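Undergrad: No letters, just coordinates:
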């Protein structure tokens, strides 16, 4: 699950990190934000960043731990 938000970040759910990075590269999205896109779940997982290897198209990325962090960034 992934989407483009109103402030220019391509948001990727951690459960779909590999697929999301592939879409971001194909669609030429440079700003990546990783966060749980399902507010009904309290997602805790280990992230494998190997899908970021040699992905020079990414200019900036951030990880949102919870919805409180998200509100503080806006």
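TA: Received the coordinates, thanks. Values in this document were obtained by computation on a predicted structure and should not be read as measured data.
Undergrad: how about residue 31, phi and psi?
TA: phi -110, psi 120 (degrees, to the nearest 10).
Undergrad: beta partners for it?
TA: residue 60 (DSSP bridges).
Undergrad: Roughly how far does the residue in the chain sticking out farthest from the centre sit from residue 55?
TA: In the chain, residue 40 marks the outermost C-alpha relative to the chain mean, sitting 17.6 Å out by C-alpha atoms, centre = their mean. Separation of residue 40 from residue 55 (C-beta to C-beta, to the nearest Å): 30 Å. Any C-beta I mention is one placed from the backbone N, CA and C, and that applies to glycine too.
Undergrad: Kindly report the same for residue 23.
TA: On the measure of C-beta to C-beta, residue 23 and residue 55 end up 12 Å apart.
Undergrad: before we move on, what about residue 64?
TA: For residue 64 relative to residue 55 (C-beta to C-beta), the value is 19 Å.
Undergrad: between the two, which one's more packed in?
TA: residue 64 (19 against 14; other C-beta atoms under 10 Å).
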